[in-house]
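> kindly generate the corresponding structure for this input.
(one chain, ligands or ions: 1)
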Amino acid sequence: MKFLCPSATLAEGASLGFEQDGARVFAVRRGGQVYAYKNRCPHRGVPLEWQPNQFLDPSASLIQCATHAALFLIETGECVAGPCAGQFLTALDCHEDNQGIWMTPEESEDDV
Ligand code: FES
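Residues are numbered from 1 along each chain as shown. Below is the predicted model of the structure:
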């Protein structure tokens, strides 16, 4: 596990991008829970955000890819609309304790 950020840095309904060991990842807080994924759209393998740290759609209830507007469930990473519907973002192991948010980075960056 690697330390990502203090809990207060990731507000409810917000998203944050990070680079860990050369891998792009991001985290979202929803309903108090933190979810973390690789920052890679399953459609073209490109980063998702439209501006730094902006990974969510305007309603902040779905993750959105900036390139072709695919929408993903925050809780599971499943694509529910767009060219990669039915595919998933790569979920990363994370947990939160009284120090902050921790994440296990992906072991490899192999392309599918
Ligand atoms: S690259 Fe993400 S929807 Fe096409």
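
> how about the residues of this protein by the ligand?
Selection of the chain residues close to the ligand by C-beta under 6 Å from any ligand atom yields 41, 43-44, 46, 65, 67-68, 70, 82-84. All C-beta atoms are positioned from the backbone trio N, CA, C, and that covers glycine.

> what comes into contact with the longest strand along the chain?
Longest among the strand segments of the chain by residue count, using DSSP state E, is strand 23-30. Applying C-beta atoms under 8 Å, 6 or more residues apart in numbering, the contact partners of strand 23-30 are 4-5, 10-19, 34-40, 47-49, 53, 55-56, 61, 63, 74-75, 92, 94, 101, 103, 105-106, 109.

> turn the residues of the chain next to the ligand into TSV, including pLDDT, neighbour count and secondary structure.
Putting the residues of the chain next to the ligand into TSV (pLDDT from 0 to 100; neighbours: other C-beta atoms under 10 Å; DSSP: H, G, I helix; E, B strand; the rest coil) gives the following:
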residue	pLDDT	neighbour count	secondary structure
Cys41	98	24	coil
His43	98	17	coil
Arg44	98	12	coil
Val46	98	12	coil
Cys65	98	26	coil
Thr67	98	15	coil
His68	98	13	coil
Ala70	98	24	coil
Gly82	98	18	coil
Pro83	98	15	coil
Cys84	98	17	coil
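
> pick out the most distant pair among the residues you listed.
Maximum pairwise distance among the residues of the chain next to the ligand (C-beta to C-beta): 13.0 Å, between Val46 and Gly82.

> common neighbours of these two, please.
Cys65.

> mind listing the strands for this protein?
Counting by DSSP E, the strands of the chain are 2-5, 15-20, 23-30, 33-38, 62-64, 71-73, 79-81, 91-92, 94-97, 100-103.

> would you list these in a markdown table and tack on mean pLDDT and mean neighbour count?
Compiled in a markdown table, the strands of the chain are given as follows (pLDDT from 0 to 100; neighbours: other C-beta atoms under 10 Å):
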| stretch | mean pLDDT | mean neighbour count |
| --- | --- | --- |
| strand 2-5 | 94 | 16 |
| strand 15-20 | 94 | 17 |
| strand 23-30 | 96 | 21 |
| strand 33-38 | 97 | 21 |
| strand 62-64 | 98 | 23 |
| strand 71-73 | 98 | 21 |
| strand 79-81 | 98 | 16 |
| strand 91-92 | 96 | 17 |
| strand 94-97 | 96 | 14 |
| strand 100-103 | 96 | 19 |
